[in-house]
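Q: this is a predicted model, with the sequence first.
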Amino acid sequence: MHGGALGAATALANPVSAKDKVPAPGERPNILWFTSEDNFPVIGAYGDKLAYTPTIDRLARQGILFERAYCVSPVCGPSRFSILLGMHPASCGSSEDFGSLDEVLPRYIRGYPEYFRDLGYYRSNNQKKNYNSQFDYVMDLWDESSEEAHWNKRAAGQPFFAVFNTFTTHESSLFNGRKDLFGQPVREGRFKPEMMGGKIPPFLPDTEKVRTDFATFYNAMEHMDRELAFRLKELEDAGVADDTIIFYYGDNGGITPRGKRFCYDLGLRNPLIIYVPPKWRHLSQYAPGSRVKEPVTFNDLMPTVLSLVDIEAPKHVQGRALIGPRQGKPMKYAVGGRDRMDERYDLSRSITDGRFRYIRNYTPHRPWGQHVEFMFQAGSYQDWHALHLAGKLTPQQERFWQPKPYEELYDVEADFHMVDNLAARADHAGKLAELSRALDAHMIDIVDNGLIPEGCAAEGYVNSRNPLAYPIRDVMKLAALAASRPADMKPFLDAFDHDNEVMRYWAAMGFLIAGERALPHAGRLKRQLLDEPSPATRIVLSEALVNLTNDDFALNMLGFIIDTEDDGPFRMQAINALDFVGERARPVLPAIRRSAKEDHRSVRKVAKYIIQKLEGTYDPYKVDRSPGGFVDTDPRKNQPEGAPRPYD
């Protein structure tokens, strides 16, 4: 089966001559998207000498390979939002993973499948629809969206737009026994842990579980490559390959640690290859085998497919067409960002020119390595965390578990693993300033909602464009000041008098981030807490006061919010604050226990983690895989006597 499927890809190397067949008047191409979950380009065509991806490599030789393609969010929900609409999720209040838009988007904002419906296309989606939004019409975008959805169900002669999404490379393949399209175990294959020695980044400990996860990633990529070959063979067998433009891309960053969910290249850079058969080659200015070096983002996919059917993207679309008659101008930069990831809050924005990557961390008081229950099911994260708790990491490996700097700058060409932060280097001050200014301009241009606390009234595409609700320039200035930990607290004291709740929120954040330097102002913080109407701001003030003075009223405020607040985001913010006050949270342990039984899964996850830490029962190798309960993955057990252990 596999050999035949791989053979189908070889047909791409010998396509029908362009002069043998030309489009009839009014004829339109079929479009097939093959999407692989969670993968940085661990692909031969992208220069990985270990990877075995013959189908993708052949597709690249006959198609267009985009060397610097980036998702705009390093996790699937918001990334797919951008793919669907051609817009940054942060522009619409939909940047949190597993978040949602409480307001309906203006109806003129349409997903690409609607345009193809109007043109008479059959639209199949197999199968994922996590667009990080609950706007009503999103579920009606497809003729069929299911595990059985397929272009072959269309009417005779009907053009199709078909999406095939494979979970084979998803991060859960590291721990859930996933099988590929052909029923083969994804974790098994030619790649073994002992082959991964040269692949382990210096920021990770070189342990058996880390090597096993890297080997699984490489095996998953080979399995996925076979699945792509199978889909290409289906086109050949049905006689529609010459009429079908093929896109292959990965939806967000890779499954190894500090990849998916993070703003490094391992999290934001993705493969993107477009194959245009000879019949439709007039739609692309690129010759077969072209390699495009300019930065592109997944905002560009929506306007690109519209361009292929000669539709100009609407003005609200923030991407540009990569090929076709409506092709746009190359971009100088690609921008992405990190917001809430599952149950954990963070806020980073990043911009790259393809060589240098700049990252701005708006919540530097939080470590990169926050405990995310789903993420920590991977053995590599378990080993990394266990060694951190045991105090046995190198300084470079320990950095992940510590608070972040305000700014990061990396030369990705010279420093592939992005471990040498150049932000404080005088010889890179010009590049730092250039990328910082470009990021500011981008955030203002798209009206970045990331600085609005989740659950606040200013959130959303419509609300955030009201300058009274969201004075974005003033908020950006205050948030940057807070995150940079200035010595002068006066700007934050002054902002407490502002009518706008987002401004007051970032004033409170300025004191929380400042830590002990805020102690002289504890009395002012307490008075603000007593008068503050904004729940999000009260939560930040309470965390700051508990950490500074162990204030009973502030602690009870957090306990009251997790016990009574109807709005899920505020309960999540409060339970996260309780985690970061550590042992001081013990007096409200009864409320935390009640939260551990809540229906809100994100609140429940953090509450369980806090309880385990306070009770001294937390074990990185015991993960809750509900509904089956806890599973013990401790490598110290069931091993031969004398076998190496990660913290020995």
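A: That came through, no problem. Residues are numbered from 1 along each chain as shown.
Q: measure how buried Glu615 is and give me the count.
A: By other C-beta atoms under 10 Å, the residues close to Glu615 number 9. Yep, even glycine has a C-beta here, placed from its N, CA and C like the rest.
Q: pLDDT value on it, please?
A: Note for Glu615: predicted pLDDT of 97.
Q: and if you look at Thr10?
A: Looking at Thr10, its pLDDT is 42.
Q: residue contacts, the closest residue to Tyr52 other than its chain neighbours?
A: Computed as C-beta to C-beta, 6 or more residues apart in numbering, the closest residue to Tyr52 that is not its neighbour in sequence is Glu222, at 4.7 Å. By C-beta atoms under 8 Å, 6 or more residues apart in numbering, the contact set of Glu222 is Ala51, Tyr52, Thr53, Gly189, Arg190, Phe191.
Q: ok, longest helix in the chain?
A: Criterion DSSP state H: the longest helix present in the chain is helix 208-238.
Q: buried subset of the contacts of Glu222 as a ChimeraX selection?
A: In ChimeraX syntax, the buried subset of the contacts of Glu222 is picked out as below (16 or more other C-beta atoms under 10 Å):
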select :51,52,53,189,191
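Q: narrow the contacts of Glu222 to those in helices?
A: Judged by DSSP H, the contacts of Glu222 include no members of helices.
Q: mind putting the contacts of Glu222 in TSV, distance to Ala429 included?
A: Below are these laid out as TSV (distance: C-beta to C-beta, whole Å):
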residue	distance to Ala429
Ala51	37
Tyr52	43
Thr53	40
Gly189	47
Arg190	47
Phe191	42
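Q: now Thr35. Its backbone dihedrals?
A: The phi and psi torsions at Thr35 (degrees, to the nearest 10) take the values phi -110, psi 130.
Q: quick one: the strands in the stretch 201-350 of the chain?
A: Counting by DSSP state E, counting those that start in this stretch, the stretch 201-350 of the chain has strands at residues 244-250, 269-270, 272-275, 290-292, 296-297, 334-338, 348-352.
Q: could I get those strands as TSV with mean neighbour count?
A: Putting these into TSV (neighbours: other C-beta atoms under 10 Å) gives the following:
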stretch	mean neighbour count
strand 244-250	24
strand 269-270	28
strand 272-275	24
strand 290-292	15
strand 296-297	26
strand 334-338	28
strand 348-352	24
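Q: export stretch 384-402 as CSV, just CAs?
A: Backbone C-alpha positions of stretch 384-402 (Å, rounded to 0.1, in the frame of the first residue of the first chain) are rendered in CSV as follows:
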residue,chain,number,x,y,z
TRP,A,384,12.7,18.4,31.9
HIS,A,385,10.4,19.4,34.8
ALA,A,386,11.7,16.5,37.1
LEU,A,387,15.3,17.6,36.6
HIS,A,388,14.3,21.3,37.3
LEU,A,389,12.7,20.3,40.5
ALA,A,390,15.7,18.2,41.4
GLY,A,391,18.1,21.1,40.7
LYS,A,392,20.0,19.2,38.1
LEU,A,393,19.8,21.3,35.0
THR,A,394,22.5,23.4,33.4
PRO,A,395,21.9,27.2,33.5
GLN,A,396,20.8,27.1,29.9
GLN,A,397,18.3,24.3,30.5
GLU,A,398,17.1,26.0,33.7
ARG,A,399,16.2,29.2,32.0
PHE,A,400,12.9,27.9,30.7
TRP,A,401,11.6,27.6,34.3
GLN,A,402,12.5,31.1,35.3
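Q: buried residues in that stretch?
A: Residues of stretch 384-402 classed as buried: Trp384, His385, Ala386, Leu387, His388, Leu393, Gln397, Glu398, Arg399, Phe400, Trp401 (neighbour count, 16+ other C-beta under 10 Å).
Q: the first one is in contact with Pro205, isn't it?
A: Yep, that's Trp384 we're talking about. Yes. If you go by C-beta atoms under 8 Å, Trp384 and Pro205 touch, sitting 6.1 Å apart.
Q: quickly list what's touching both of these two.
A: Shared contacts of Trp384 and Pro205, defined by C-beta under 8 Å, 6+ apart, are found at Leu393, Gln397.
Q: ok, back up a step: possible to save the strands of the stretch 201-350 of the chain as TSV with mean pLDDT and distance to Ile109?
A: As requested, the strands of the stretch 201-350 of the chain are exported to TSV (pLDDT from 0 to 100; distance: least, C-beta to C-beta, whole Å):
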stretch	mean pLDDT	distance to Ile109
strand 244-250	98	22
strand 269-270	98	24
strand 272-275	98	24
strand 290-292	98	28
strand 296-297	98	18
strand 334-338	97	20
strand 348-352	98	22
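Q: can you lay out those as a markdown table showing distance to Val72?
A: A markdown table is the format used below for the strands of the stretch 201-350 of the chain (distance: least, C-beta to C-beta, whole Å):
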| stretch | distance to Val72 |
| --- | --- |
| strand 244-250 | 13 |
| strand 269-270 | 11 |
| strand 272-275 | 13 |
| strand 290-292 | 18 |
| strand 296-297 | 5 |
| strand 334-338 | 5 |
| strand 348-352 | 10 |
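Q: and those strands: which comes nearest Ala45?
A: Shortest distance between Ala45 and those, using C-beta to C-beta, is found for strand 272-275: 7.4 Å.
Q: which residues in the stretch 51-200 of the chain form strands?
A: For the stretch 51-200 of the chain, the strands defined by DSSP E, counting those that start in this stretch occupy 64-66, 69-70, 122-126, 144-145, 160-166.
Q: got JSON lines for those, with mean pLDDT and mean neighbour count too?
A: Converted to JSON lines, these look like this (pLDDT from 0 to 100; neighbours: other C-beta atoms under 10 Å):
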{"stretch": "strand 64-66", "mean pLDDT": "98", "mean neighbour count": "24"}
{"stretch": "strand 69-70", "mean pLDDT": "98", "mean neighbour count": "26"}
{"stretch": "strand 122-126", "mean pLDDT": "97", "mean neighbour count": "22"}
{"stretch": "strand 144-145", "mean pLDDT": "94", "mean neighbour count": "18"}
{"stretch": "strand 160-166", "mean pLDDT": "98", "mean neighbour count": "23"}
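Q: need those in JSON lines (columns: distance to Val372).
A: Output for the strands of the stretch 51-200 of the chain, formatted as JSON lines (distance: least, C-beta to C-beta, whole Å):
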{"stretch": "strand 64-66", "distance to Val372": "30"}
{"stretch": "strand 69-70", "distance to Val372": "22"}
{"stretch": "strand 122-126", "distance to Val372": "27"}
{"stretch": "strand 144-145", "distance to Val372": "28"}
{"stretch": "strand 160-166", "distance to Val372": "23"}
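Q: Glu516 is nearest to which of those?
A: Nearest of the strands of the stretch 51-200 of the chain (C-beta to C-beta): strand 69-70, 38.1 Å.
Q: report the separation between Cys92 and Asn252.
A: Plainly put, Cys92 is 18 Å away from Asn252 if you go by C-beta to C-beta, to the nearest Å.
Q: can you give me the pLDDT of Pro627?
A: Model confidence at Pro627, given as pLDDT, is 47.
Q: ignore what I typed, I meant Ile611.
A: In this model, Ile611 carries a pLDDT of 98.
Q: sec struct for it, please.
A: helix (DSSP: H, G, I helix; E, B strand; the rest coil).
Q: ditto for Glu598
A: coil.
Q: that one: neighbour count?
A: As a burial measure, Glu598 scores 17 neighbours (other C-beta under 10 Å).
Q: likewise Gln184?
A: For Gln184, using other C-beta under 10 Å, the count is 16.
Q: next, the distance between the ends of stretch 303-317.
A: This stretch, stretch 303-317, spans 8 Å end to end (C-alpha to C-alpha, to the nearest Å).
Q: now do the same contact list for Arg320.
A: Contacts here follow C-beta under 8 Å, 6+ apart; on that basis Arg320 touches Asp300, Pro303, Ala313, Gln327, Gly328, Lys329, Met331.
Q: spatially, what comes nearest to the second one if we skip its sequence neighbours?
A: Counting by C-beta to C-beta, 6+ apart, Pro303 lies nearest to Ala313, which is 3.7 Å off, once chain neighbours are set aside.
Q: my guess is that neighbour contacts Gln327. True?
A: No. With contact defined as C-beta under 8 Å, Ala313 does not count as touching Gln327 (10.9 Å).
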